[in-house]
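In: I'll drop the sequence and a predicted model, then ask my questions.
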There are 2 protein chains.
Amino acid sequence: MLTGAALIGSHDVAGDTTFRAVDPARNMAIGPDFTEAGPAEVARAAALAAAAFPIYRATTPTQRADFLERIAAGIESLGEALIERATQETGLPAARLQGERARTTGQLRLFANWVRAGGADEPRLDSPLPDRTPLPRADLRLRHIGVGPVAVFGASNFPLAFSVAGGDTASALAAGCPVIVKGHPAHPGTSELVGRAIRAAIAESGLPEGVFSLVTGTTTALGAALVADPRMKAVGFTGSRAGGLALVDIANNRPEPIPVYAEMSSINPVFLLPGALRARAEALAAGFAASLTMGAGQFCTNPGLVIALASEGLDRFLPAAGTAIAAAPSATMLTPGIASAYAKGVAALETNPAAHELALGRQEGGTNACRPALFVTDADAFIGTPALGHEVFGASALVVRCANEAQMLKVAHAVEGQLTATLHLESEDHPLAGQLVPILEEKAGRILANGWPTGVEVCHAMVHGGPFPATSDPRSTSVGTLAIRRFLRPVCYQDLPEALLPHAVQAGNPLNLPRLVDGVAETSREPRS
Amino acid sequence: MLTGAALIGSHDVAGDTTFRAVDPARNMAIGPDFTEAGPAEVARAAALAAAAFPIYRATTPTQRADFLERIAAGIESLGEALIERATQETGLPAARLQGERARTTGQLRLFANWVRAGGADEPRLDSPLPDRTPLPRADLRLRHIGVGPVAVFGASNFPLAFSVAGGDTASALAAGCPVIVKGHPAHPGTSELVGRAIRAAIAESGLPEGVFSLVTGTTTALGAALVADPRMKAVGFTGSRAGGLALVDIANNRPEPIPVYAEMSSINPVFLLPGALRARAEALAAGFAASLTMGAGQFCTNPGLVIALASEGLDRFLPAAGTAIAAAPSATMLTPGIASAYAKGVAALETNPAAHELALGRQEGGTNACRPALFVTDADAFIGTPALGHEVFGASALVVRCANEAQMLKVAHAVEGQLTATLHLESEDHPLAGQLVPILEEKAGRILANGWPTGVEVCHAMVHGGPFPATSDPRSTSVGTLAIRRFLRPVCYQDLPEALLPHAVQAGNPLNLPRLVDGVAETSREPRS
């Protein structure tokens, strides 16, 4: 079923240079051979995408929604073959991948509904005022259109939900933008299977082949060529800070710079407030250990930083968390590279005099295993040692012990931009929480209470984003329907004859979209006369 | 009345190094001495802005709206002193500046109404689903908050509407962001007057002084220090391509990169379609010449490029336009520097073998005068000579003669990103226009029919933006209420106790904002139970 070809529009393109996936649990390469795509494949895919763009963006919201739903159905019809391949390529358990598949298809369907309801167009109409003095007002109408072809970089840690048909692809397609995915080389077979499902949905929908291409390879030159191609107009990326910033640099240095939405790194501070610690230190320790070690800690929203006041409650939390971490089994990480980077990160903390090792998870035999780790430091050491604030991707966390509330607020001010910040609190903690929330709003894209940051709901109100360096663009989210806005730009039409206006802004509202008319929402959704 | 001080919060800061404004009509420096602000003043203003941000962004929409309205009233109460000073500093006629003042105050009031109506917050609520399987859904709420202190660069060509209290300032303040304006050194007195009106509105509104500062100076180091300051979180700029790109570079090279909204350059192609030329070549020539020469051509949306099919109609248009341009009086430009750059640009076209000079305006005695100029070329020469597509800021235009429709479409594809594109057409032109519109949507932020691009309405449906190099960020507009979105970022609240939630997303909707609840607009604006 797998060919190892790059999927350039409707063409399978096989090259002479190839690479193989690695089964991280066995540390063994597995077939077939996958084509190392390069600048030639990028150029071909970009030409097809540019040709497809005017046609694809002219589709109606319903046509785009139907297309997204066909992709979802196509992914489902891949059945267990997809789960099996993904398990083999990532070491993730089948149950987790089944959940991730449901999230991926649910995301496509949510976006389909949102597009169908007019969520991407956001039309605005201002009525002409021919009799206004000193000057009349023209007839002005605005709608949003796609920015153009989008480059999407698949992430290693979500082989389905943040990969070939993941959130970035779904957002860009929903916005009317063709997509070229640079598949993550850690799961090329999973990528090809999903890529073929998208290709089939394109054919079934009668769309031009250039709406989607998949290039896979292991070289940084491949991604660089994709971002540098003048036909690409935006980039979506989830991965390391170094990787994201490299793409931002390439994008900024193009003759025509383009936006890069890079979701890069986050240690997701969790504040354990005194009342909560007093009431349930042991339960917090158990919940924390479960969130930290889930999926070998390979989540963007992994709770890597715990901030608490020195207290009797913390004295209960620490040993309980230490015991839970020490008992946590090691788990296979996604790739040998990620496993070795994790080991290196933990080793650096072990030798950092500012951090004290509280617990290490069980050492077990498996290859590329992540051994959970927990360290402790104090507020002054944390603030004075920037390295303690850097992400160690995997199940490692640091507890910062604060002498008093003022120190806790100082630590909150000191953390870098984050995807999430979490408060565990009881009602007696509200005064302190009330001081923390405004600080955290400026530090993170999502603030949680009495939960754990892992698990990102795909919905309208989600923000999976945040200030730099969590992302390269804090004005956006990469999860939820608001993610579609990243790939849109507004266009205004002034006094255009009705026959030349796009349907979204025609007087009769033939697409039946919600529109803002003279600053007021057309509440009735009735055609405007 | 004028002191020449930098306005740092509520403090007047006078320095030893000073500069003076120039009356361009007389080419004479005029008093008083204005402080050359530098990094020290920037640091002081940025510290005040950072301190003000948490307080200012916590204001209610009504409080911010009232503040914007007080600024508008304060500008009006400056009376004729403002118009007189602006006339002296810019060479623009009083009537034009009166109109620009009305636009500036109207803009502040429109934004006030939009903020009051909830246009900045855009809250979204997704209801919890505690019984969902396999996992419950949390209570998720989203609102938008300001990105932080914003640096605004005043433009030379709109001393009121794109300057100290112009569109960028109004947008940022509406979004809840403190503003530091780097006033344009061509109109420091005008800037100080308006700056003092903003300062008075801050005091009257009981807001912290750091919500606004004004630094004026002639050095590039001043602007560079402002953009580089780590407390600044976004930049608004209207001006030259070189100036805008320099700021983008500084912003990209900060440890924390920040967005720059630079509105830079545009030649605003105008397509004269055959039917329109046949029906009204002479009227088009008159309208074109009036739009080109208005305000000495010193508009971002000045029609600098005319594209037409070789035809009997064009043969009527060209001499009529040439006659009108030749008869057009020269007018004083904003600054000696702009006048000399204009003269250089026209001289370069005069010696460019690809362009033929059709007409030059009257040579008149005044200093810093702009002599209108009209050139002609053909489609191949235009496409083959990139210099012909560069902006000459002032009343110079180039007509591109196309042999046929295919050539016209090729020229449309060849132009760079633009603020506007205009079609003059009759109904018989609709087939050709129908081919042009989709091309122009990818080239420009605004498409007009049977009008002239000068004159940018401030409303909800306006887009004053467009693909690079017209702006550094085609996803945005710098005019109209959508401009506020540039300075906002979304924040999500998950399971936060009601007492800790911001009012915008509380269950009772105490601010009575329009909200998206479970993907559906709360049409009734009734409090949600």
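Out: Great, that's in hand.
In: What residues sit buried inside stretch A:367-375?
Out: A:368-375 (16 or more other C-beta atoms under 10 Å in any protein chain shown). For every residue, glycine as well, the C-beta is placed using N, CA and C.
In: How far does that stretch stretch from one end to the other?
Out: 24 Å (C-alpha to C-alpha, to the nearest Å).
In: Of the buried residues of stretch A:367-375, which belong to helices?
Out: Among the buried residues of stretch A:367-375, no member falls in helices (criterion: DSSP state H).
In: And those, which two are furthest apart?
Out: Greatest spatial distance among the buried residues of stretch A:367-375 (C-beta to C-beta): A:Asn368 and A:Phe375, at 22.0 Å.
In: ok, back up a step: now, which of the buried residues of stretch A:367-375 sits nearest B:Leu314?
Out: Nearest member of the buried residues of stretch A:367-375 to B:Leu314, counting by C-beta to C-beta, is A:Asn368, at 71.1 Å.
In: Not counting sequence-adjacent ones, nearest residue to that closest one?
Out: Spatial nearest neighbour of A:Asn368, excluding adjacent residues (C-beta to C-beta, 6 or more residues apart in numbering or on different chains): A:Ala339 at 3.9 Å.
In: list the contacts for the spatially most central residue of chain A?
Out: Among the residues of chain A, the one closest to the centroid is A:Ser478, at 4.6 Å (C-alpha atoms, centre = their mean). Applying C-beta atoms under 8 Å, 6 or more residues apart in numbering or on different chains, one finds that A:Ser478 lies in contact with A:162, A:167-168, A:171, A:236, A:238, A:261, A:263, A:464-465, A:471, A:486.
In: Would you check how far apart it and chain B are?
Out: 12 Å (C-beta to the nearest C-beta, to the nearest Å).
In: Could you check the pLDDT of that residue?
Out: For A:Ser478, the pLDDT comes out at 97.
In: how far away is it from B:Pro386?
Out: A:Ser478 sits 37 Å away from B:Pro386, going by C-beta to C-beta, to the nearest Å.
In: how about the helices of chain A, start to end?
Out: Using DSSP H, helices in chain A cover A:39-57, A:61-77, A:80-90, A:94-116, A:167-174, A:188-204, A:220-228, A:241-252, A:274-293, A:312-327, A:336-350, A:379-384, A:405-414, A:430-441.
In: in chain A, what spans have low per-residue confidence?
Out: A:365, A:523-529 (pLDDT under 70).
In: what's around A:Pro208, how many residues?
Out: A total of 18 residues lie near A:Pro208 under the criterion other C-beta atoms under 10 Å in any protein chain shown.
In: That one - nearest residue in space that isn't next to it in sequence?
Out: A:Ala52 is the one closest to A:Pro208 (C-beta to C-beta, 6+ apart), at 3.9 Å.
In: OK, contacts around the one you found?
Out: Counting by C-beta under 8 Å, 6+ apart, A:Ala52 touches A:149, A:178, A:207-211.
In: Highest neighbour count among those?
Out: For those, the largest number of neighbours (other C-beta under 10 Å) sits with A:Pro178, at 33 neighbours.
In: Just confirm that residue contacts A:Ala49, I think it does.
Out: Yes. Using C-beta atoms under 8 Å, A:Pro178 makes contact with A:Ala49 at a distance of 4.0 Å.
In: shared neighbours of these two, which are they?
Out: Contact criterion C-beta under 8 Å, 6+ apart; residues shared by A:Pro178 and A:Ala49: A:149, A:210-211.
In: Return the closest of the residues you listed with respect to B:Ala327.
Out: Nearest to B:Ala327 among the shared contacts of A:Pro178 and A:Ala49 is A:Pro149, at 47.9 Å by C-beta to C-beta.
In: List the residues that contact the closest one.
Out: A:Pro149 neighbours (C-beta under 8 Å, 6+ apart): A:46, A:49-50, A:52-53, A:177-180, A:231-233.
In: mind redoing it with 6 Å?
Out: Shown in contact with A:Pro149 (C-beta atoms under 6 Å, 6 or more residues apart in numbering or on different chains): A:49, A:53, A:178, A:231-233.
In: go on, A:Leu423?
Out: For A:Leu423, the contact set (C-beta under 6 Å, 6+ apart) comprises A:271, A:433, A:449.
In: can I get the residues you listed in JSON lines with distance to chain B and neighbour count?
Out: Formatted as JSON lines, the contacts of A:Leu423 follow (distance: C-beta to the nearest C-beta, whole Å; neighbours: other C-beta atoms under 10 Å in any protein chain shown):
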{"residue": "A:Phe271", "distance to chain B": "12", "neighbour count": "26"}
{"residue": "A:Ala433", "distance to chain B": "6", "neighbour count": "25"}
{"residue": "A:Ala449", "distance to chain B": "5", "neighbour count": "23"}
